[in-house]
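Enquirer: Got a predicted model here, sequence first, then my questions.
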Amino acid sequence: MTTTQVPSPSADALTQPARPGPVRRHRLIIALAVAPLIAAGTAMAVWQHGSGGTGQRPADGTSNHATSLATVTRVAALSSRTQVNGRIGYAASYTIVTPRAGIITALPQVSAVISEGQVLYRRDGQPIVLLQGSTPMYRSMAQGTTGSEIAGSDVRQLNQALVRLGYANELGLDPDSDQFGWATKLAIERLQDHLGLDQTGRLDLGQIVFLPTAARIIAVSATVGAPTPTSAVIMQATSTERQVTVALDAAQQTQVNAGDKVTITLPSGRTTPGVVAAVGTVATSSGSSSSSGSSSAGSPGGSSGSAPTIAVDITPGDPAAFGNLDQAPIQVTVVAATVRDVLAVPVTALLSQPGGQYVVEVADGDGPHRLVTVQTGLFDDADGLVQVTGPGLAAGQRVVVPAS
């Protein structure tokens, strides 16, 4: 770990891009950063010394490349990044089936968004209403002899929906109650009155469709006027919440965590921020039918061959930036690792040496330049910087780089 003194022209000459620099720099080499935390495919550009690779100036003191100076900086944080392919989609998908046979009399248009309390479709002329809840409707619901006679998580989500929609105003209905009581019955009568139905205070199986969110219709399978058997698929829908899904190399699973910030590059080239929402726990290979543990709608892009991957769900910071794009390919840049309070130089300041080592050429004012052997750390492709350490290397020093 020594430094080598080499003669140098004046500092003024070094700052003139059109004039020869102090060291022969024959050709550009593209080298892959192979540190474990550096993304596969990350490239750095380094300059190789003259034909002998010794770092010595040619006898005539000339150089084949113009150079300039850059400053060794101490940065608060330096990050390496990995870029993966993904797709824009929606956070959840739903298949809507009918629990009762009948004639379909009205259906929504594809791309329609059905919100809570609105009619999703009509069967035998009767409105089938969307309410929010995670438990499917699996039974008829009506007031029993006692409040606990009809109770459960499905009743709780019904009470919550009736309160949200305002049908329980002034009735004192507890949204956390899992019992079908008199207040639930009166709120249902108000809902039925709004829909133009007989006010029975009872909900028959199939009158309500519970979904966790509003429904964005993407496909309609049923036909208006056609008899529909029990369990027939009526339509397909998604949530309205935007989501990006990527297939991440399973070897990088530990480098990405929920809450990590990412940068999403749209097909137009525009970038928009995002946050990792969930990281899958089960690796899959191309063509595998096993689940990743993620609840995203649509399949992630960028998975090729049989390399195992995990699904990573990302919530965009600006959903409006996606416009009407759906299942469009995008790129996601994920921060793989970060180091803090380190010295950094431009990647182009690195000079390759035999044995895989690197040096930087330090310009000490008007004195001779010297080559300092450095150890490299993280590479930040976004800013074109690399973490370095070396004997006598300090913030504020000037190093030689190719002229831009």
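Expert: Here it is on my side, so go on. Residues are numbered from 1 along each chain as shown.
Enquirer: For Q397, give me its contacts.
Expert: Q397 is in contact with 71-72, 362-364, counting by Cβ atoms under 8 Å, 6 or more residues apart in numbering. For every residue, glycine as well, the C-beta is placed using N, CA and C.
Enquirer: filter those residues to the buried ones?
Expert: 72, 362-363 (16 or more other Cβ atoms under 10 Å).
Enquirer: A215 pairs with what?
Expert: For A215, the beta-bridge partners under DSSP bridges are I114.
Enquirer: pLDDT wise, what is it at?
Expert: On pLDDT, A215 comes in at 98.
Enquirer: how far away is it from G117?
Expert: 12 Å (Cβ to Cβ, to the nearest Å).
Enquirer: what touches both of the two?
Expert: Common contact partners of A215 and G117 (Cβ under 8 Å, 6+ apart): L130.
Enquirer: Between these two, tell me which one has more neighbours.
Expert: More crowded of A215 and G117, by other Cβ atoms under 10 Å: A215, with 26 against 18.
Enquirer: my guess is the more buried one meets E241, correct?
Expert: No: in this structure A215 lies outside contact range of E241 using Cβ atoms under 8 Å: 11.8 Å.
Enquirer: In which helix or strand does the closest residue to K261 other than its chain neighbours reside?
Expert: In space, and not counting its chain neighbours, K261 is closest to V275: 5.9 Å by Cβ to Cβ, 6 or more residues apart in numbering. Using DSSP states H and E, V275 falls within strand 271-279.
Enquirer: coming back round to it: what's around the residue nearest to K261, how many residues?
Expert: Neighbours of V275 under the rule other Cβ under 10 Å: 13.
Enquirer: Go over the secondary structure and confirm I104 is in a helix.
Expert: No: counting by DSSP: H, G, I helix; E, B strand; the rest coil, one finds I104 to be strand, located in no helix.
Enquirer: And it, what's its pLDDT?
Expert: If you check I104, the pLDDT there is 97.
Enquirer: List the buried residues of the strand holding V275.
Expert: Those would be 272, 274, 276-279, for strand 271-279 by 16+ other Cβ under 10 Å.
Enquirer: Need the residues you listed in TSV (columns: pLDDT).
Expert: Shown next, in TSV, are those (pLDDT from 0 to 100):
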residue	pLDDT
T272	94
G274	94
V276	94
A277	93
A278	93
V279	92
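Enquirer: pLDDT weak spots in the stretch 301-404 of the chain?
Expert: In the predicted model of the stretch 301-404 of the chain, residues 301-306 satisfy pLDDT under 70.
Enquirer: now G259, what's its secondary structure?
Expert: Under three-state DSSP, G259 comes out as coil.
Enquirer: now, which of the contacts of Q397 lie within strands?
Expert: Secondary structure assignment by DSSP state E places 71, 362-363 of those in strands.
Enquirer: domains in the protein, as residue ranges please.
Expert: Following automatic domain parsing, one gets these domains for the chain: 3-81+338-402, 83-91+242-335, 93-238.
Enquirer: lowest-confidence stretch among those?
Expert: domain 3-81+338-402 (a mean of 68).
Enquirer: residues contacting the residue most central in space within the chain?
Expert: Centroid check for the chain by Cα atoms, centre = their mean gives I314 as the closest residue, at 3.2 Å. Contacts of I314 were listed using Cβ under 8 Å, 6+ apart, and they are 86, 243-246, 262, 264, 274-277, 332.
Enquirer: after the helix or strand hosting it, next one along is what?
Expert: According to DSSP H and E, I314 maps onto strand 309-316. The helix or strand immediately downstream of strand 309-316 is strand 329-346, counting by DSSP H and E.
Enquirer: For that next one, which helices and strands make contact with it?
Expert: Applying 3 or more Cβ pairs under 8 Å, 6 or more residues apart in numbering; DSSP states H and E, we find strand 329-346 packed against strand 73-90, strand 242-249, strand 261-265, strand 369-380, strand 385-389, strand 398-402.
Enquirer: and the biggest helix by length in the chain, how far from the chain's centre?
Expert: Criterion DSSP state H: the longest helix present in the chain is helix 182-195. Centroid separation for helix 182-195 versus its chain: 43 Å, with Cα atoms, centre = their mean, to the nearest Å.
Enquirer: ditto for stretch 98-115
Expert: Computed by Cα atoms, centre = their mean, the chain-centroid distance of stretch 98-115 equals 33 Å.
Enquirer: what comes up buried for it?
Expert: Applying 16+ other Cβ under 10 Å to stretch 98-115 flags 98-100, 102, 104, 107-108, 112, 114 as buried.
Enquirer: What of stretch 254-262?
Expert: Residues of stretch 254-262 classed as buried: 255-256, 260, 262 (neighbour count, 16+ other Cβ under 10 Å).
Enquirer: same thing with stretch 327-335?
Expert: Buried positions in stretch 327-335, judged by neighbour count with 16+ other Cβ under 10 Å: 330-335.
Enquirer: With just CA atoms, put that stretch into PDB.
Expert: Output of stretch 327-335 as PDB, limited to C-alpha atoms (Å, rounded to 0.1, in the frame of the first residue of the first chain):
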ATOM      1  CA  GLN A 327     -49.700  -4.500 -17.200                       C
ATOM      2  CA  ALA A 328     -47.100  -2.300 -18.900                       C
ATOM      3  CA  PRO A 329     -43.500  -3.100 -18.500                       C
ATOM      4  CA  ILE A 330     -41.400  -0.800 -16.300                       C
ATOM      5  CA  GLN A 331     -38.100  -0.800 -14.500                       C
ATOM      6  CA  VAL A 332     -37.600  -0.500 -10.800                       C
ATOM      7  CA  THR A 333     -34.300   0.700  -9.200                       C
ATOM      8  CA  VAL A 334     -33.900  -0.700  -5.600                       C
ATOM      9  CA  VAL A 335     -31.300   0.500  -3.100                       C
END
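Enquirer: And for that stretch, what's in contact with it?
Expert: Stretch 327-335 has contacts (Cβ under 8 Å, 6+ apart) with 79-89, 244, 246, 248, 255-256, 260-267, 274, 276, 298, 301-302, 314, 382.
Enquirer: V110 and L325: what is the separation?
Expert: 16 Å.
Enquirer: if we can go back for a sec, nearest to V129, of the ones in strands among the contacts of Q397?
Expert: The nearest member of the ones in strands among the contacts of Q397 to V129, counting by Cβ to Cβ, is T71 at 66.3 Å.
Enquirer: need the ones in strands among the contacts of Q397 in TSV with distance to P308, can you?
Expert: Converted to TSV, these look like this (distance: Cβ to Cβ, whole Å):
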residue	distance to P308
T71	43
V362	45
A363	48
